[in-house]
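> structure for this input, please:
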Amino acid sequence: MTRWLPVLVMMYMVAALAWWSVLLLQQNEQLYILKSEKIQTTAGSKILETNYEKQRKMIMGEGLVFAISMVLGTYFIYKSNIREMNLSRRQSNFLLSVSHELKSPLTSINLGLETLKKRTLSQEKIVEVANMALKESRRLENLISTILTAAKVEHGYVPKKEGLNLVDLIHQLSNQYNSRYPDQPILTDIRVDEAIILGSKQDILSLLTNLLENAIKYGKNSPINLILSDDRTFWKIELTDEGPGIPPDEREKVFEKFYRMGNEETRSSKGTGLGLYIVKKIVDSHNGKIELTQNRPTGSKFVIHLPKTSRNENSIG
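The predicted model follows:
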């Protein structure tokens, strides 16, 4: 009901405006008739008729301007209301998701510590439990880092930028992820010797990490392809997975804050709806461009363009 309230108010106001406009026009016409009966001269009748036409046009013109302004105002209020309702729903989903995401690793860590405390285990089993707890601890750390990064980029944070080589950063991350996820390898195709940009190392690593985490989550254990190439005044990064892909009508929305397809009650994949929002913000802060398209035959393809710079570019804050 709240969603349609502005529309109902607008309809009532338009109807009221139309009614009062009709009444004003009728009164104007009645005054014209009364005055015309009293005026006998041709000149007087001409002046009276002219004034009548002016008043009629003024009433109709002002009524039309008021009606258009009211309709536009109500439309923008309606759009703002819908946007706020959608954001509120996403925030609710975000809280549900984060509460689960925070609780799950803590439960696993506590379980591992309780196991080590109460049982006598073999060295192999101790290493296994410790690795499990360490993995969950890193997951918790990544979640907290994602939330802090989202807050930082939203409030106008301006990072210190320096000359960075994308080739080195991509090699660094691909080696880390290939050791952590040997069953879902990152296949890199570096087509340049070096790719220097002016950027924040922490932000660029966060950008690539969020894209890789997203591809791993939805890639269904298939290889992930990461290509770095030269595209005139930009360096182009292409990252593709072979997951289910994202429908065309959802592709712009995935970069919005808290947005996730489906809802927290039916969604099985983990996440907060902040990863791609952070990616878009970081790309924008580096004067770059990002595009999401369909991979062929299946999956998603992210294409990022970051401006080139020289290796000798000075750091800026």
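> hey, where'd the strands end up in the stretch 51-200 of the chain?
For the stretch 51-200 of the chain, the strands defined by DSSP state E, counting those that start in this stretch cover 162-165, 186-190, 196-199.
> output these as CSV; include the columns distance to residue 178.
From N, CA and C alone the C-beta is placed, and that goes for glycine too. What follows is the strands of the stretch 51-200 of the chain, written out as CSV (distance: least, CB to CB, whole Å):
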stretch, distance to residue 178
strand 162-165, 20
strand 186-190, 6
strand 196-199, 24
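> just say which of these is most tucked in.
strand 196-199 (a mean of 21; mean count of other CB atoms under 10 Å).
> tell me the first helix or strand C-terminal of that one.
helix 201-218 (DSSP states H and E).
> restrict that following helix to CA atoms and write it as CSV.
Extracted in CSV, the C-alpha atoms of helix 201-218 (Å, rounded to 0.1, in the frame of the first residue of the first chain):
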residue,chain,number,x,y,z
LYS,A,201,48.2,-1.2,-4.3
GLN,A,202,45.7,-2.1,-1.6
ASP,A,203,42.7,-1.1,-3.7
ILE,A,204,43.9,-2.9,-6.8
LEU,A,205,44.5,-6.1,-4.9
SER,A,206,41.1,-5.7,-3.3
LEU,A,207,39.5,-5.2,-6.8
LEU,A,208,41.2,-8.4,-8.2
THR,A,209,40.5,-10.4,-5.1
ASN,A,210,36.8,-9.6,-5.1
LEU,A,211,36.6,-10.6,-8.8
LEU,A,212,38.5,-13.8,-8.2
GLU,A,213,36.4,-14.7,-5.1
ASN,A,214,33.2,-14.0,-7.2
ALA,A,215,34.4,-16.3,-10.0
ILE,A,216,35.4,-19.1,-7.6
LYS,A,217,32.0,-18.9,-5.8
TYR,A,218,29.9,-19.1,-9.0
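> ramachandran angles for residue 297?
The phi/psi pair for residue 297 (degrees, to the nearest 10) reads phi -80, psi -20.
> still on that earlier bit, residue 138: which of the strands of the stretch 51-200 of the chain is closest?
Residue 138 lies closest, by CB to CB, to one member of the strands of the stretch 51-200 of the chain: strand 186-190, at 17.4 Å.
> show residues contacting the closest one.
The contact list for strand 186-190 (CB atoms under 8 Å, 6 or more residues apart in numbering) reads 167, 170-171, 173-174, 177-178, 212, 223-228.
> just the residues you listed now: which is nearest residue 138?
residue 177 (12.4 Å).
> count of residues packed around that closest one?
Residues within reach of residue 177, counting by other CB atoms under 10 Å, total 21.
> contacts only, for it.
Shown in contact with residue 177 (CB under 8 Å, 6+ apart): 186, 212, 216.
> my read: residue 309 touches residue 197, true?
Yes - between residue 309 and residue 197 there is a contact at 5.7 Å, judged by CB atoms under 8 Å.
> got any residues that touch both of the two?
Shared contacts of residue 309 and residue 197 (CB under 8 Å, 6+ apart): residue 163.
> got the residue ranges for the helices in the stretch 51-200 of the chain?
Remark: helices assigned in the stretch 51-200 of the chain by DSSP state H, counting those that start in this stretch are 123-154, 166-180.
> before we move on, the earlier item: may I see the contacts of residue 177 organised as CSV, with pLDDT and distance to residue 82 added?
Listed next are the contacts of residue 177 as CSV, based on pLDDT from 0 to 100; distance: CB to CB, whole Å:
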residue, pLDDT, distance to residue 82
186, 92, 40
212, 91, 34
216, 87, 34
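> turn those residues into CSV, columns for distance to residue 295.
Formatted as CSV, the contacts of residue 177 follow (distance: CB to CB, whole Å):
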residue, distance to residue 295
186, 15
212, 15
216, 15
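> and these, which is closest to residue 128?
residue 216 (22.0 Å).
> let me see the contact set for that closest one.
The contact partners of residue 216, by CB under 8 Å, 6+ apart, come to 177, 181, 184, 224, 241.
> ok so, going back, confidence-wise, which of the helices of the stretch 51-200 of the chain is weakest overall?
The weakest mean pLDDT among the helices of the stretch 51-200 of the chain belongs to helix 123-154, with a mean of 81.
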